[in-house]
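Asker: dropping a prediction and its sequence here:
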Amino acid sequence: MNWKTILVHLDNSRRCDVRTRYALDIARRFDAHVIGLYLVCQDLVHHLFEPAEPLQRKGYEQQRRTSLDRAREAFERAAELAGINAEWRAPAGSILDAATLHGRHADVILLGQDDPDDPDAFVARHFVEDVVIGAGRPVLLVPRTGDFATIGENVVIAWDGSREAARAVADALPILRRARFVEIMTVERHRDIQAPAGIEISAYLDRQGIRASFSSTPRVSGESTGMTLIDKANRVHADMLVAGAYAHSRGLERVLGGVTNNLLQVSTLPVLLSH
């Protein structure tokens, strides 16, 4: 099975072109169709102007239309130059409902990491995690900084034996089959608790035609498991991390932190998340 439909979230943020390029690159490898889904923040629209200020409201609507047209032109031009079959969508209504509905008809969804330094990157509160939970499709999270010459050629799998990790590995099979290097990585959270053995998942991947190495690393004192994974993946020059999302309560992770929360907030490399 290959990824044949790639959905990429488009907006007016400075990293939108990076997400588009990654989506087109993946589509080229799989001879896939790309859907550009334009969704921007609507939370403040109804509070910007009072109904008694129609001229200001008209100016805002004109600015919004100009931004939409600019984003569409950039996306369609990039797709044409890449020779990729692509389509533009800008649905009305609830942002989360639109992202979830359209995402369910794609094989993978590309979203951008939250960027507090770019107001145009804000779509809705908890947007990425809500799509990860609700869409039922893997989400490829593109970091807010950095650039990668390749994506999905040197892949690290974050393995803890959970249902979510198993789902992520299955979702990532199209990428893993084409990767040059695959490493299964576990993090020892406590010295007296054994890390999940990687022999079974290694054997599973081998039967899929994927040769993967295995490593176990202790968590650095005072560092979260998520940061340990990110640091190790960066040390082996990974260009993608595959991980299960929310093996624990999402609310608990928001309050206390957690691996998924770490990856969403601070990952410096693309992360494929599945729930």
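Answerer: All right, it came through fine.

Asker: for the stretch 51-200 of the chain, which spans come out with low pLDDT?
Answerer: Low-confidence segments of the stretch 51-200 of the chain, defined by pLDDT under 70: 51-57, 189-197.

Asker: so where do the helices sit in the protein?
Answerer: 16-30, 45-48, 54-82, 95-103, 127-135, 163-171, 173-178, 199-207, 225-235, 250-256, 259-266 (DSSP state H).

Asker: excluding chain neighbours, what is closest to Pro138?
Answerer: Nearest non-adjacent residue to Pro138, counting by CB to CB, 6 or more residues apart in numbering: Asp171, 4.0 Å away. Just so you know, the C-beta spots here come from the backbone N, C-alpha and C atoms, and that holds for glycine as well.

Asker: my guess is the one you found meets Val139, correct?
Answerer: No. With contacts counted by CB atoms under 8 Å, Asp171 stays clear of Val139, the gap being 9.6 Å.

Asker: what touches both of the two?
Answerer: Taking CB atoms under 8 Å, 6 or more residues apart in numbering as the contact rule, Asp171 and Val139 both touch Val108, Leu272, Ser274.

Asker: so which of those are in strands?
Answerer: Among the shared contacts of Asp171 and Val139, DSSP state E puts Val108, Leu272, Ser274 in strands.

Asker: give me the local confidence score for the last one.
Answerer: Meaning Ser274. Looking at Ser274, its pLDDT is 96.

Asker: OK, contacts around the closest residue to it other than its chain neighbours?
Answerer: Spatial nearest neighbour of Ser274, chain neighbours left out: Ala168 (3.9 Å); criterion: CB to CB, 6+ apart. Applying CB under 8 Å, 6+ apart to Ala168 gives the contacts Pro138, Ile157, Ala158, Val242, Ala243, Gly244, Ala245, Leu272, Leu273, Ser274.

Asker: report the beta-bridge partners for the fifth one.
Answerer: Beta-bridge pairing for Ala243 (DSSP bridges): Leu273.
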